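*Asks:* Coordinates for the following, if possible.
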Amino acid sequence: AGQRVVLGTDADDQRAAAVVRPKRGVQPAGRRGDLERLFQKDGARIWRALVAYSGDREVASDALAEAFAQALARADEIRSPERWVWRAAFRIAAGELKERRRAQPASVGKAYDMPEPPHDLIAALAKLSPKQRKALILRYYVGYPTHDVARILGSSTATVRVHLSQGRRRLSRLLEDHDG
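*Replies:* Numbers count the residues shown, from 1 in each chain. As a prediction, this is how the structure comes out:
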């Protein structure tokens, strides 16, 4: 009935690439070119991180597309495209999740047929604060070092370390409670 969410597959990469596809044969210049190269290099990885953050492919696709669309519209105003796109994508996804919670209060149904371990993990991640969830996903799923996570989130390295520590501790408790 539902779709299976398996993060990191070729199908996911193709789906993320289909969200925003650069024109063929045109060599982009300047900041817009930087954004297109960023999408080609990191678009699929950002999409997978957004799926892990939101638990929903549609939210991830919408947030990714909107973040890059806004970045293209503001291309000349953005100093660090990579940082800006990551932050915008997470903020857009968080806003969509907040809007959905308002529209559908407290109903936590399975949106997708997922294998148990990822479903449990995504459900536990959803119970963390948005800051903890972002920090954990960027650090452990995407693989950014702590100082890069801080740069992307616009926080200090010390603050990110606190979010990581508290998030790991809470995530561990949530996953243990589910098992026990």
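
*Asks:* Quick one: the helices in the protein, in order.
*Replies:* Assigned by DSSP state H, the helices in the chain fall at 10-19, 30-54, 57-73, 81-103, 116-126, 130-136, 146-153, 157-179.

*Asks:* now those in CSV, with mean neighbour count and mean pLDDT?
*Replies:* Quick note: C-beta positions are derived from backbone N, CA and C, even for glycine. Below are the helices of the chain laid out as CSV (neighbours: other CB atoms under 10 Å; pLDDT from 0 to 100):
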stretch, mean neighbour count, mean pLDDT
helix 10-19, 15, 50
helix 30-54, 20, 89
helix 57-73, 19, 94
helix 81-103, 17, 90
helix 116-126, 16, 77
helix 130-136, 22, 93
helix 146-153, 19, 92
helix 157-179, 15, 91
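
*Asks:* tell me, what residue is most central in this protein?
*Replies:* Leu50 (2.2 Å; CA atoms, centre = their mean).

*Asks:* I figured that one hits Ala94, correct?
*Replies:* No: using CB atoms under 8 Å, Leu50 is not in contact with Ala94; the gap is 10.1 Å.

*Asks:* quick one: Ile92 and Arg161, what's the gap?
*Replies:* 26 Å (CB to CB, to the nearest Å).

*Asks:* ditto for Ile137
*Replies:* Taken as CB to CB, the span from Ile137 to Arg161 is 15 Å.
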